[in-house]
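A.B. asks: just the structure for this:
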Amino acid sequence: MNAVRGLLAAWIAASAATSLAWANPAEAPRAMVATVHPLATEAALNAMREGGNAIDGAVAAALTLGVVDGFNSGLGGGCFLLIRTADGQFYAIDGRETAPAAATRDMYVRDGKPQTEWSKTGPLASGVPGALAAYELAVKEHGQRDLADLLRPAAEIAEQGFVLSNVYSQRLASTAAKLAQFEGSRAIFLKPEGQPYHEGETLRQADLAKTYRAIAEHGTNWFYRGPFAQQVAAWMAEHGGILTAKDFADYHPVRREPLVTQYRDYTIVGFPPPSSGGVHVAQILAMLERFDLKQLHEEDPAQFIHVTAEAMKLAFADRAFWLGDPGFARVPRGLIDRQYTQALSQKIDPARANRVKRHGTPPNHADEVFRHTTHIAAADAQGNWVAITATINTTFGSKVVVPGTGVVLNNEMDDFAIMPGVPNAFGLVGAEANAVAPGKRPLSSMSPTIVLRDKQPVMTVGAAGGPKIITQATLAIINHLDLGLSLHDAVAAPRFHHQWSPDELVVEHTMDEAIQARLREFGHTVREESSAGVTQAIAVGQAGELIGVHDPRVPGKTAGF
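C.D. replies: Here you go, the predicted model:
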């Protein structure tokens, strides 16, 4: 018993160590925003102070992050928006990228061998960007400001420049060699002698400012059906890419039905496919419902981690086989069927790690199907809650900036299964459901989530970090709602992640060695990582105030009024 108490003390100490980097969580009565950059948070608050609501604020933050956090997201990428409006209605807007019309199932295969770099870097790596179209739809239907008003402040930051953080400079340094391959990227992110900019130096993006201002003046048709699309298409044709002006003109965001499930006394509202996040956050929570997680954690933190990781493993096995764009693949609704998730839960051995050989088979899988990486959290006193997860995929996406545009293009084509069983940049494998096809949206792990109790919002959470997005959102929910941790401790606590393939349990380096040793006794192959992603969250306090937190693992800002 003393040894177990020691493990609990070690877990608490590791959580406190992470919190040392923490900027105190913000509390405010009327509005709250959490992002990974102070300028983005301020842009959101300004939009809301000037008559906008939480939807306007979240979009303003997203547009600004495309300038100051452009290695993660931007106009060249995609997003999912999950919105709860003041009248209690929910909306899901899919701004995921689509494969070009000329894309083929085997476009990354030569002589039977996968060419994995083609889907990650260069002209063949990009899908049609969808973020801008989704932001426009969100503001038009649910906001109170014009999109142009939200674009112009971001354009000013791009033109005047901003001071690079340590995180940004590290990302630049890590990708400098690939950025140097492309003229447009080289001109922006590297100095004339070819060196990346460093922490504390100012990065100016004049071409990106011009693009933002042109969209503000001429509307999104300038981007999708005008000069921007034509300029990108011309560059692609010259450099072996397949994106065309018609691909841009044919793009449209999709309104989807939010995914609503129950977990204990809570309603979990997530994003449906092509997000795998909504399905598998719901799956993991449903599998864990039979366990008293708080008691388990207090009695043996290592066993709590073990049981939760086993649920993650089972969910990711299903993800690899069943999940894809519901417009192309028959994604079974039975994945979140109560009897099915209970059956999966019974496979969890509280004393031993199981080897999961294959996916499960949900009920009515042939008949009942779904149809049709930075995170921003925003809420206001009127009852509007917004969760936006936006991405260009890996750091600086495809590494391509078409000269004169300033826009970093995504490499979301790597989120397809370029060949069955071949892992992508995040080590995820996929099957036929996520194969490349023209016009198809690649499977995503983005997991914007809103939690209700008695029909009222109590929490919103989302994350960045590839497949770890799913497990981050799940852990934040159970840490806060089951373990009773404050919101900032729920986000700061040491994270762990299991995605079925490879069969290993990833833990953050802050996790105590004694807990890791105990996990190995359960039969897990344990591997340390420095960080398991970045989470943003907002919750309602006991007095009804809005409490926001940003992840202590990176710089950021949470603020309200």
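
A.B. asks: poorly predicted segments of the protein, please.
C.D. replies: Applying pLDDT under 70 to the chain picks out residues 1-23, 365-372.

A.B. asks: give me that answer again for 90
C.D. replies: Applying pLDDT under 90 to the chain flags the ranges 1-25, 319-323, 329-331, 354-374, 417-433, 465-466, 530-533, 554-555.

A.B. asks: tell me how it divides into domains.
C.D. replies: 2-22+260-364+446-560, 31-97+129-255+374-417 (automatic domain parsing).

A.B. asks: got a markdown table for the ones you listed, with distance to residue 438 and mean neighbour count too?
C.D. replies: No exception for glycine: its C-beta is placed from N, CA and C like everyone else's. Shown next, in a markdown table, are the domains of the chain (distance: least, C-beta to C-beta, whole Å; neighbours: other C-beta atoms under 10 Å):
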| stretch | distance to residue 438 | mean neighbour count |
| --- | --- | --- |
| domain 2-22+260-364+446-560 | 10 | 21 |
| domain 31-97+129-255+374-417 | 9 | 22 |
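
A.B. asks: switch these over to a markdown table; also include distance to residue 424.
C.D. replies: Shown next, in a markdown table, are the domains of the chain (distance: least, C-beta to C-beta, whole Å):
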| stretch | distance to residue 424 |
| --- | --- |
| domain 2-22+260-364+446-560 | 9 |
| domain 31-97+129-255+374-417 | 5 |
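
A.B. asks: I figured residue 48 was touching residue 380, is that so?
C.D. replies: Yes. Applying C-beta atoms under 8 Å, one finds residue 48 in contact with residue 380, separated by 6.5 Å.

A.B. asks: tell me the secondary structure for residue 280?
C.D. replies: At residue 280 the chain is in helix, as set by DSSP: H, G, I helix; E, B strand; the rest coil.

A.B. asks: excluding chain neighbours, what is closest to it?
C.D. replies: Sequence neighbours aside, residue 315 is the residue nearest to residue 280 in space, at 4.3 Å (criterion: C-beta to C-beta, 6 or more residues apart in numbering).

A.B. asks: please identify the helix or strand for that neighbour.
C.D. replies: Using DSSP states H and E, residue 315 maps to helix 301-322.

A.B. asks: picking that back up, contact partners for the residue nearest to residue 280?
C.D. replies: Residue 315 makes contact with 280, 283, 284, 287, 344, 470 under the criterion C-beta atoms under 8 Å, 6 or more residues apart in numbering.

A.B. asks: nearest to residue 130 among the residues you listed?
C.D. replies: residue 470 (20.6 Å; C-beta to C-beta).

A.B. asks: the closest one contacts residue 283, doesn't it?
C.D. replies: No. Residue 470 lies out of contact with residue 283 (C-beta under 8 Å); the separation is 9.5 Å.

A.B. asks: could you check which helix or strand contains residue 386?
C.D. replies: Here residue 386, judged by DSSP H and E, is contained in strand 385-391.

A.B. asks: now find how far off-centre that strand is within its chain.
C.D. replies: Its chain's average C-alpha position is 8 Å from that of strand 385-391, according to C-alpha atoms, centre = their mean, to the nearest Å.

A.B. asks: same question, stretch 508-516
C.D. replies: When distances are taken as C-alpha atoms, centre = their mean, stretch 508-516 is centred 25 Å away from the chain's centroid.

A.B. asks: end to end, how far does that stretch reach?
C.D. replies: By C-alpha to C-alpha, to the nearest Å, the extent of stretch 508-516 from end to end equals 10 Å.

A.B. asks: again, but for stretch 160-169
C.D. replies: Termini of stretch 160-169 sit 18 Å apart (C-alpha to C-alpha).

A.B. asks: quickly list what's touching both of residue 48 and residue 380.
C.D. replies: 31, 54, 57.

A.B. asks: dump the residues you listed into a markdown table; add secondary structure as well.
C.D. replies: Output for the shared contacts of residue 48 and residue 380, formatted as a markdown table (three-state DSSP):
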| residue | secondary structure |
| --- | --- |
| 31 | strand |
| 54 | helix |
| 57 | helix |
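
A.B. asks: farthest-apart pair in the contacts of residue 315, please.
C.D. replies: Among those, the pair separated by the greatest distance (C-beta to C-beta) is 344 and 470, at 15.4 Å.

A.B. asks: name the helices or strands packed onto the helix or strand harbouring residue 40?
C.D. replies: Using DSSP H and E, residue 40 sits within helix 38-49. Helix 38-49 is packed against strand 31-35, helix 54-68, helix 147-160, strand 374-380, strand 557-560, with contacts defined by 3 or more C-beta pairs under 8 Å, 6 or more residues apart in numbering; DSSP states H and E.

A.B. asks: the fourth one pairs with which strands, parallel or anti?
C.D. replies: For strand 374-380, sheet partners with direction are given as strand 31-35 (antiparallel), strand 385-391 (antiparallel), following DSSP bridges.

A.B. asks: looking at the ones you listed, which is nearest to residue 493?
C.D. replies: strand 31-35 (16.9 Å).
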